[in-house]
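**Student:** sequence and predicted structure are below.
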Amino acid sequence: MVTHHTRAGGTEPSRDPGGSVAAFLDAQQRVLDRYRVTARRRFVELPSGMQAQVLVAGEGPPLVMVIGGAVPAAFWIPLMAKLPGRTLYAIELPGFGLTDPIGYDPVTLRRTAVDYLAGVLDVLGLAASQFVTQSMGSQWTAWLAADRPGTVASQVMVGCPAFFLDTSAVLAFRLASVPGLGSLLMALQRPSPKGAEAVMRMVGEDPAGLVELRDVLLAAQRVPTYIPSLLALMRAVMSWTRPRPAVVTTPDQLRRISHPVRLIWGERDSFGRPEAGRRIAELIPGADLRVVPGGHAPWFHHADQVAELTREHLETGR
């Protein structure tokens, strides 16, 4: 299977100290091959000069897929395989996968997030799009919808959306937010297959049968921008005890969401239990909640079920 590499206002990374980018590309391709997805990589160059990797697959109406923080867009591939009839645009957050890093600052984070997503969509020529999002990708897309009205036509939030109501992050991510301690923990826990599997278990997903996804996470962790970006992002959004107030989505903010929303929630999601999802769905006008097996990335083992619920919402708006 061939993956086509194209450019959209940007150029593919040409320098690769230590071979980490080549290793990541190889791991990403193995995930595509494993799930029989043919995708092309586009490097979108934003006005700031930063470049974002976007995986583009399929044909049909556009569907934008925004993954959460600390993982590459390749994590969407098992679900992409189950969403035919769409042109899928899988986007990763800055500093993860092969997307350039960006300054993560608690004061400007929301503006940074909105400008980044809006910039990528503008280069891709997408407007009033439907979205499938996960974790921090759900939070950033909700910010985009609020700050750039008309950009988000509808949204399927898979997994607990980051920092909605009183949801938080697992302990390891909270500790990574502590200056000094986070850097020490990263130095002591070098990327390894066992470590990548531990991350999967930590978010409620069984790594069994997910060798290719484990390996692409491991390869992403070995890209030089990954650890600095992870530490900076965690410091921008939380302390070791709680999220920063500026990033918490409040009940009033949830009531003001005006686009159709479906929540698909893993019953073992370690970032927030289904009860949090029920409260969120009650606050967002017209939203509904569907609980499925799995954790924070329930499509890893239950892609058919997540895809069916996603298609139903995209087609009916309910």
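**Tutor:** Nice, I can see it.

**Student:** all helices of the chain, in order?
**Tutor:** 20-34, 77-80, 109-124, 136-147, 171-176, 181-188, 193-202, 211-221, 226-237, 251-255, 274-283, 299-316 (DSSP state H).

**Student:** mean pLDDT for those - can I get that in CSV?
**Tutor:** Formatted as CSV, the helices of the chain follow (pLDDT from 0 to 100):
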stretch, mean pLDDT
helix 20-34, 97
helix 77-80, 98
helix 109-124, 97
helix 136-147, 98
helix 171-176, 82
helix 181-188, 77
helix 193-202, 95
helix 211-221, 97
helix 226-237, 93
helix 251-255, 98
helix 274-283, 98
helix 299-316, 96
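
**Student:** Val64: which of those is closest?
**Tutor:** helix 109-124 (7.1 Å; Cβ to Cβ). Glycine gets a C-beta too; all of them are placed from N, C-alpha and C.

**Student:** any idea how far that closest one is from the middle of the chain?
**Tutor:** 14 Å (Cα atoms, centre = their mean, to the nearest Å).

**Student:** need the residue closest to the centroid of the protein.
**Tutor:** Centroid check for the chain by Cα atoms, centre = their mean gives Ile67 as the closest residue, at 1.4 Å.

**Student:** most neighbours per residue, which of the helices of the chain?
**Tutor:** helix 77-80 (a mean of 26; mean count of other Cβ atoms under 10 Å).

**Student:** so which elements touch that one?
**Tutor:** With contacts defined as 3 or more Cβ pairs under 8 Å, 6 or more residues apart in numbering; DSSP states H and E, the packing partners of helix 77-80 are helix 20-34, strand 51-57, strand 87-91, helix 299-316.

**Student:** picking up where we left off before, distance to Leu165 added to the helices of the chain, as JSON lines?
**Tutor:** Shown next, in JSON lines, are those (distance: least, Cβ to Cβ, whole Å):
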{"stretch": "helix 20-34", "distance to Leu165": "33"}
{"stretch": "helix 77-80", "distance to Leu165": "25"}
{"stretch": "helix 109-124", "distance to Leu165": "17"}
{"stretch": "helix 136-147", "distance to Leu165": "12"}
{"stretch": "helix 171-176", "distance to Leu165": "17"}
{"stretch": "helix 181-188", "distance to Leu165": "25"}
{"stretch": "helix 193-202", "distance to Leu165": "21"}
{"stretch": "helix 211-221", "distance to Leu165": "28"}
{"stretch": "helix 226-237", "distance to Leu165": "15"}
{"stretch": "helix 251-255", "distance to Leu165": "7"}
{"stretch": "helix 274-283", "distance to Leu165": "6"}
{"stretch": "helix 299-316", "distance to Leu165": "21"}
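
**Student:** Pro61 is nearest to which of the ones you listed?
**Tutor:** helix 299-316 (8.6 Å).

**Student:** any idea how far the closest one is from the chain center?
**Tutor:** The answer for helix 299-316 is 17 Å, by Cα atoms, centre = their mean.

**Student:** and the angle from that helix to helix 211-221?
**Tutor:** 90 degrees (axes from the mean of the first three to the mean of the last three Cα atoms, to 10 degrees).

**Student:** packing partners of helix 299-316?
**Tutor:** helix 77-80, strand 152-158, strand 261-266, strand 288-292.

**Student:** swap in 6 Å and give it another go.
**Tutor:** Helices and strands touching helix 299-316, by 3 or more Cβ pairs under 6 Å, 6 or more residues apart in numbering; DSSP states H and E, are helix 77-80, strand 261-266, strand 288-292.

**Student:** in JSON lines: those, plus distance to Val248.
**Tutor:** Below are these laid out as JSON lines (distance: least, Cβ to Cβ, whole Å):
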{"stretch": "helix 77-80", "distance to Val248": "27"}
{"stretch": "strand 261-266", "distance to Val248": "17"}
{"stretch": "strand 288-292", "distance to Val248": "20"}
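
**Student:** which one, of these, ends up nearest to Pro224?
**Tutor:** That would be helix 77-80 among these, by Cβ to Cβ, at 23.5 Å.

**Student:** for Leu217, see how far away the residue nearest to the centre of the chain is.
**Tutor:** If you measure Ile67 against Leu217 using Cβ to Cβ, to the nearest Å, the figure is 11 Å.

**Student:** and Ser239, by the same measure?
**Tutor:** For Ser239, the distance to Leu217 - Cβ to Cβ - is 25 Å.

**Student:** kindly report the same for Glu45.
**Tutor:** Counting by Cβ to Cβ, the gap from Glu45 to Leu217 is 26 Å.

**Student:** got it, and Pro179?
**Tutor:** 25 Å.

**Student:** show the contacting residues for Ala176.
**Tutor:** By Cβ atoms under 6 Å, 6 or more residues apart in numbering, Ala176 lies in contact with 182, 231, 234.

**Student:** got a markdown table for the residues you listed, with distance to Leu210 too?
**Tutor:** Formatted as a markdown table, the contacts of Ala176 follow (distance: Cβ to Cβ, whole Å):
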| residue | distance to Leu210 |
| --- | --- |
| Gly182 | 26 |
| Leu231 | 26 |
| Met234 | 24 |
